[in-house]
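[1] pasting a predicted model and its sequence here:
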Number of protein chains: 2
Amino acid sequence: MKSEQTALYKQVHEYMLTRIQTGEWPKDKRLPSVRSLAELLGVHRLTILKAYQLLKEQGHVYAKDKTGYYRKDSDHISNISEEQPAIRSYIHNSHLSDIHREPVTYKFSASVVDPTLLPNRYLSQHAKEIFDKYPHLLGTYANVKGDEELITGMSAYFQKYDRLYIPEESIVITSGAQQGIDIIAKVFVQAHDYVLIESPTYSGAADIFANRGAKLIPVSITAAGFCLEEVEYFMKKYKPKLFYTNPTYQNPTGYTVPVEQRKQLAELAEKYQCIILEDDAFREIYFHKTPPPPIYSYDTGGYIIYLRSFCKYMAPGLRICAMVAHPSLMKWLIKGKALADNGTPLLSQKAFLFYLTSDRVRTHMEKLRIALQIRKEKMEEALRDHSFHWDSPGGGLNLWVRIDETMDKNKLKAMALENSISYVPGQICDPLERDIPYIRLSYSFLNEQDIRKGMHVLTSIYDSLLTDNMHK
Amino acid sequence: MKSEQTALYKQVHEYMLTRIQTGEWPKDKRLPSVRSLAELLGVHRLTILKAYQLLKEQGHVYAKDKTGYYRKDSDHISNISEEQPAIRSYIHNSHLSDIHREPVTYKFSASVVDPTLLPNRYLSQHAKEIFDKYPHLLGTYANVKGDEELITGMSAYFQKYDRLYIPEESIVITSGAQQGIDIIAKVFVQAHDYVLIESPTYSGAADIFANRGAKLIPVSITAAGFCLEEVEYFMKKYKPKLFYTNPTYQNPTGYTVPVEQRKQLAELAEKYQCIILEDDAFREIYFHKTPPPPIYSYDTGGYIIYLRSFCKYMAPGLRICAMVAHPSLMKWLIKGKALADNGTPLLSQKAFLFYLTSDRVRTHMEKLRIALQIRKEKMEEALRDHSFHWDSPGGGLNLWVRIDETMDKNKLKAMALENSISYVPGQICDPLERDIPYIRLSYSFLNEQDIRKGMHVLTSIYDSLLTDNMHK
C-alpha cells in the first residue's frame, strides 16, 4: 500500500504545510513547539523535528536561534499586489501568461500543438461552407448552454469513440477548458473554501481557485497516481468543495491515474460530497495504447464534472470544450456560463461541428499522434546523457524534467532566454509556488529540427552551469 | 441642484437600506429605534419614521406591534440556494437567462437586434475570405490580449468615429461586455468589497458582483442622470472598489447621463480611488442626436475602465468587445483575461476586423438606427392610452415602463407567458431584487407587425387585470 510507504514525518509535514498555507499559522509568529506538536499528534519529537526541517529546506519556515520556528513571509497565499499604488488587484503575480509573452525562437514553454501539424486547408474549406448552410449565423447570438446541433454531435461522439453515454442535457459548451474551470469555480467555490489540487498542476487552474479566495491543499501525483489514503484524509478532514485533477497525461507530468484508482476516486467523491473536476484535455493524444476511461465514467453520485476540451488538437482557433455534469448541477453551471459570457460564439460552434463529425479529422488525429511521438522521442534523445530525470509519458504534450538540486534556477532561466529559449519553471506548476527543481518542456510546438537545435543549446547551458557549481 | 431636491427622509432611507442590504442590520433582530436613529443622524424623529415607512412599503422591513421594526428575511443578498441537497452553489437564483429560455412568439424580453436587420449575406461573404487570407487561422491559438491587427483597427476606429485617442496598449479584446465585466470583477472585487451599481441596472452585471461576494450599493439613475452628491457620499463613506455604470442609453431605462456629470464622475473616481466601469454597449444605437462622449474621455487619473461592446449591432455571432483601460491596469486585466479563457477565439477576431473597417457596415448602421427607431415608435404607440409611464429613450433597445402600483405582477407575467409573450420584470433589473412596478420591453427583436400584435395582447391582459383590481 502506498500510504504505508509514506513516512510519518511526511504526513506531519503535510499537516503543518496546510496550516501555513491556509494562514492558520500566522506569519512571523512563533509556530507550535516541537514538544507541543509531538504531544498533539501523538508522534515522536524527532518526527516533528524532521518535518520542520523539511519545511525549512523548502523555504516555508525559518528557525530563530533557540526560540523556535517561524513562518516565512513569502509563503502565504496572497493575491494582493502592491505594485499598483492606488488600485488593489486580486490577481496573482507569477503566471503562465507572462512566460508565453516572451518572443523566443525555441518556445518549449508552449504546450500547444504546432499549427502546421493541423489540416488547415481542409478546416478552412469546410468552415466556409457553414456560412451558406446558416445564412443568419453572424447575426445570431448563441444560446447560453451551447448550440443544440453541436451538443447532439458531441453526445454521439462520446458514445462512438469513448463508449461514454452522455445525454444532451448533461452537456454545456464552453470556450476552452480554462473557461470551464473558471465557471465551475464561480459556481461552487468561494473565499475560505478548501480545494484539493494536484501537485504539480496546471497553473491556470490553481490561479483561478486562488483568485476565488480558496485555500489550496496540494495532493501529490506520481507515476503510480495518487495516494488515495491521502486524498481521503484531506476530504474527511477539510471537507473540500472540490478536487481539481487532470488524470490522463497530466499537465505537467504526463502521468495517468490507473483505472482502479479512478473507481475509488468516484466513490470518495460521493462519500465526502466533494466534486471532482476532471480536466481531460489530452485524452486523444496517446502514443502506444489508449488511456483508461475517465473518472466520470465511474460516477454514480453526480459528483464528477468532466471537462473535455478539444482545443489542444482539433481546432485551437475555435476553442471548444464540453463541460459535462449530472443534470442536477446543470442548472447552476448554465447560470455560471451566462455570467461568464452569455454563450460561446455561434460561429466557432458551428465550424467545430464539422470537424467533430469528419472522418478526415480522425485520420488527421492518427497522424498527429505519430508526429508528436516522434517529437517527444527527439526531445528525450536530447535530454539523455545529461543529469536529468523524467518519466516518459504515454501521451500529452510535455516532459516534466527533474533538474539537479544545486542548479541556480534563475540563472538557467535567464541564460535560456538570452539564447531565445523558453520553458516553464517548476515553481509555476507548484500549487503553493514552491521553488521545486523541475522544468516543463513541451515537445508539441516545434518541429524536430528546432527541438534538436534548441535542446542542444539548453542542455549546453545546463551543463555549463552545473560545471560552474562543481568548481565553486 | 438635484441633491437639494432629494428629501432628507430619502437620504435617511438610503442610509438604512445600505445597512439592511449589507447585513449590518441583521435579519429578524429589532432594528434601531426611531428615537436612537434620530439622535444618531441629527434629524427629526418624523423623518426617521417616514424613512421606515418607505422601507416597509418596499417590503424591506416589517413592524411588530409596538416593539419596533425588523428586517425581512427575503431582503438580504444571499446567493446560496438550498435546492441542491449535497452540493452548495454560489450562484444567484433569479436570473435573466431563465427568462430567455422561455420559447415564446413575442419575445419582448430579448434586448438583442433582430438578426434579419443585419447584412447577413455581406457578413458571410467576407467571413469566407479570411480563411484564404489566414491559412493557419483555425489551427492557431489567439494571444491573450487579443489579435494585434484587430486592436490596431479598433484604435483607429475610436479615433475616426468617436474622436477618442486610445493607444493600442490600452485595449484588450473580450468575448462580449459580459466577459469584460466578469474579468474586471475578478481582478478588482472580492468578498466584502463595496460596489456601487445603478438602480435599476443590467442584472447580468449585478449577478457577477454578487457572486464575487461584493456588497452592492444602489445608485439611482433618473432621466437627469445621477445625484452626484449621493455618489460622492457613498464613495466617501464606503470606499467602494468600483462603480458599475451604463451611462449611455442605459439598460434598462434608456437614460443618458449628461455631459457635465460625466466630467464630475471622472473627478470623483480619481478623488476617491474608485474605478468606474463604464459599459458602453449601445453608443451607436442613437436616434435623433449622437450621445455625449464617454466618461472615459474625461479620465485623467486612470480610474475609468471602458467596455465598448460591438455585439449588440455589428455581428452578434462573433461577440467582440474592447476592454479599455489605463496601461497601469492592463497588466492585471490581461491576467484576468488569461484566467477567463486564455484569449478570444482568433476566428471571431479576424472576421470582426473586416466589419469594423467596412463602409458597408457604416451604411448598415444608419439603416439599423432608422429601423429600430420605427420599432420603438410602434411600441410606444401601443403603450399610449393605457396607464403606463415611460421616458422615451434617445437610443438603445428598450423601454422601461412603469406599471400600475396595484398590478399583480406575477399574474401579469403568467398571463403574458400563457399568451406567448415574455418581458423582463422590473425586479430582475433591481440590484437588490426589490419587486418594483416596472417592466422592460425590448423593441429590437421583433418586426413592427409582431410588435403591434404582441403589444395588443399584452396591453389587453394588462387592462383586464387592472379592471379586475378596481372591481375587487
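    Nice, thanks for sending it over. Residues are numbered from 1 along each chain as shown, chains lettered A, B, ... in the order given.

[2] neighbours of the closest residue to residue A:423 other than its chain neighbours, how many?
    Nearest non-adjacent residue to residue A:423, counting by Cβ to Cβ, 6 or more residues apart in numbering or on different chains: residue A:108, 4.5 Å away. For every residue, glycine as well, the C-beta is placed using N, CA and C. If you count neighbours by other Cβ atoms under 10 Å in any protein chain shown, residue A:108 ends up with 27.

[3] residue A:108 contacts residue A:442, correct?
    Yes. At 5.5 Å, residue A:108 and residue A:442 qualify as touching, with contact defined as Cβ atoms under 8 Å.

[4] report the set of residues contacting both of those two.
    Common neighbours of residue A:108 and residue A:442, using Cβ atoms under 8 Å, 6 or more residues apart in numbering or on different chains, are residue A:423.

[5] thinking again about what came up before, ok, now which ones touch the residue nearest to residue A:423?
    A:421, A:422, A:423, A:441, A:442, A:443, A:445, A:446, A:454, A:455, A:458.

[6] so how far is residue A:403 from the fourth one?
    What it means is residue A:441. 11 Å (Cβ to Cβ, to the nearest Å).

[7] what's the pLDDT at the residue positioned nearest the centre of chain A?
    The centroid of chain A falls nearest to residue A:202 when counting by Cα atoms, centre = their mean (2.3 Å). At residue A:202, the pLDDT value in this model is 94.

[8] please name the nearest non-neighbouring residue to it.
    residue A:251 (4.7 Å).

[9] how many residues are close by that neighbour?
    With other Cβ under 10 Å as criterion, residue A:251 counts 27.

[10] who touches the nearest residue to residue A:143 once chain neighbours are set aside in this structure?
    Leaving aside its chain neighbours, residue A:143 sits nearest to residue A:343 (5.8 Å; criterion: Cβ to Cβ, 6+ apart). With contact taken as Cβ under 8 Å, 6+ apart, residue A:343 is in contact with A:141, A:142, A:143, A:144, A:145, A:146, A:337, B:319.

[11] show me which of those residues are buried.
    A:141, A:142, A:143, A:144, A:145, A:146, A:337, B:319 (16 or more other Cβ atoms under 10 Å in any protein chain shown).

[12] poorly predicted segments of the stretch 201-350 of chain A, please.
    Under the criterion pLDDT under 70, no range of the stretch 201-350 of chain A is flagged.

[13] return the residues of it in contact with chain B.
    A:204, A:207-208, A:211, A:213, A:241, A:273, A:275, A:301, A:303, A:311, A:315-319, A:328-329, A:331-332, A:334-336, A:338-348 (Cβ under 8 Å from any Cβ of the partner chain).

[14] using ChimeraX, define a selection of the buried residues within those.
    Selecting only the buried entries of these in ChimeraX, with 16+ other Cβ under 10 Å as the criterion:
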select /A:204,207,208,211,213,241,273,275,303,311,315,316,317,318,319,329,331,332,334,335,336,338,339,340,341,342,343,344,345,346,347,348
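
[15] how about the residues of the stretch 351-472 of chain A near chain B?
    residue A:351.

[16] quick one: the strands in the stretch 351-472 of chain A?
    Along the stretch 351-472 of chain A, the stretches classed as strands by DSSP state E, counting those that start in this stretch are A:398-402, A:421-422, A:424-425, A:438-442.

[17] can you put the ones you listed in TSV and add distance to residue A:468?
    Output for the strands of the stretch 351-472 of chain A, formatted as TSV (distance: least, Cβ to Cβ, whole Å):
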stretch	distance to residue A:468
strand A:398-402	20
strand A:421-422	18
strand A:424-425	19
strand A:438-442	18
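
[18] what helix or strand is the residue of chain A most remote from its centre on?
    Distance from the centre of chain A peaks at residue A:66, with 40.6 Å (Cα atoms, centre = their mean). For residue A:66, there is no host helix or strand (DSSP states H and E).

[19] how near is it to residue B:145?
    Relative to residue B:145, and taking Cβ to Cβ, residue A:66 is found at 52 Å.

[20] about what we covered before: which of the contacts of residue A:108 lies closest to residue A:193?
    residue A:442 (31.8 Å; Cβ to Cβ).

[21] good, wrapping up.
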